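[1] Curious how this folds, go ahead:
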Amino acid sequence: LDLSDQDFIDRGNDNIRQLTQNDGKDYAISVTINSNVTFYNKKMFEENNITEPKTVEELWQACDKLQAAGITPFACGDKDIQLVGMFFDRMAGANVDHEFYKISEKVAAGEASYKDYPEVRKFVETYLKIRDYTNGNSLGMSADDMKNAFANGEAAMFVGGTYDLALVQSLNPENEIGCMFFPEIVEGVKAFPCGSVDTALSVSASSKVQEEALEFVRYFVSPEVAQKYCDADKNPNLIQGVTLEAAELKPITDAIDGGEFASMPSNVWPPALRNEIAVQCQQLIMDKNIDQFLDNIDQVTKECYQNQ
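    Residues are numbered from 1 along each chain as shown. Sure thing, here's the model as predicted:
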């Protein structure tokens, strides 16, 4: 059902509304959103005189300092195929090209190769180098292992999502956790939050109880109810007048409010592509062959688009 003329539609975030419209019409109102985020242990950073790195060069310097102090810089859960896919997907949209899917479309059409894009190669080099700063067994570490390692002080950082904050806080409430964007990889490409809408409400055009359904949506997106939902959900909320109490995520929410948000490429990719790329990422971590990796994702991109 087209909700564009409903009195509650303006309660959402205007920037995200534009991203989710279809032919200029609103068929849902977005309530919550998720994003990639790099978590770090504030105490470890402070004790080693490290400030939030803004570029990958500064990140590697921070990693070297941490290693010199006997601290493992990163935990990565590369055993988990879904996490590996999300890691690549979100960083590509956040740090390489905010419309990365357009590169994939050119590759799928045979008009280009990922090798034609120096920024893609630099991203893959960065993706691989992060693993040099793990415990050396990232492929044996699950997503849960990764979060536990961070919570237990076995690693200084991990790349996850906004939805991970509440969990890692519960695993070790004494940890002081910082949240930052993954540093700039490609010069001139500002790091954006990258993710997707989590909770959205719509009404079926064929529903026999449209008025009742619309009234429920109106109730749910009222500031009072949306605030209660936010307090329980602990994810960035898009309803005007709602405040996320997690101060750690303020850099993310401020960027989203300011219109800086990239929809992750897999929102547009054929459904199978992210998983196929994740398989190739695991192979890359094992053999470290970047050229072969780029050839392989060229191939799976073409196959997934042809088979969709």
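[2] C-alpha only now, for contacts and for neighbours.
    OK.
[3] any chance you could map the helices in the stretch 101-250 of the chain?
    118-130, 143-151, 165-171, 210-220, 223-233, 250-257 (DSSP state H, counting those that start in this stretch).
[4] Packing partners of the second one?
    Spelled out, it's helix 143-151. With contacts taken as 3 or more C-alpha pairs under 8 Å, 6 or more residues apart in numbering; DSSP states H and E, helix 143-151 sits against strand 157-161, helix 165-171.
[5] what does that helix rub up against?
    Applying C-alpha atoms under 8 Å, 6 or more residues apart in numbering, the external contacts of helix 143-151 come out as 41, 75-80, 83, 155-158, 168-169, 171-172, 175.
[6] With the fourth one instead?
    Identification of contacts with helix 210-220 by C-alpha under 8 Å, 6+ apart yields 8, 201, 202, 203, 204, 225, 226.
[7] Would you mind giving those residues as a markdown table with distance to residue 94 and pLDDT added?
    Below are those laid out as a markdown table (distance: C-alpha to C-alpha, whole Å; pLDDT from 0 to 100):
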| residue | distance to residue 94 | pLDDT |
| --- | --- | --- |
| 8 | 30 | 97 |
| 201 | 26 | 97 |
| 202 | 28 | 97 |
| 203 | 31 | 97 |
| 204 | 33 | 97 |
| 225 | 31 | 97 |
| 226 | 27 | 97 |
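[8] Where does the prediction get shaky in the stretch 51-200 of the chain?
    With pLDDT under 70 as the threshold, the stretch 51-200 of the chain has no low-confidence stretch at all.
[9] the strands in it, which residues?
    Along the stretch 51-200 of the chain, the stretches classed as strands by DSSP state E, counting those that start in this stretch are 157-161, 177-180, 194-197, 200-201.
[10] Kindly reformat the ones you listed as JSON lines and extend each row with distance to residue 286.
    Formatted as JSON lines, the strands of the stretch 51-200 of the chain follow (distance: least, C-alpha to C-alpha, whole Å):
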{"stretch": "strand 157-161", "distance to residue 286": "20"}
{"stretch": "strand 177-180", "distance to residue 286": "28"}
{"stretch": "strand 194-197", "distance to residue 286": "27"}
{"stretch": "strand 200-201", "distance to residue 286": "39"}
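[11] nearest to residue 60, of these?
    strand 157-161 (12.5 Å; C-alpha to C-alpha).
[12] Am I right that residue 40 is in a strand?
    Yes. Using DSSP: H, G, I helix; E, B strand; the rest coil, the assignment for residue 40 is a strand.
[13] Show the contacting residues for it.
    Taking C-alpha under 8 Å, 6+ apart as the test, what residue 40 contacts is 156, 157, 158, 177, 178, 179, 180.
[14] do residue 24 as well
    Residue 24 sits in contact with residue 18, where contact means C-alpha under 8 Å, 6+ apart.
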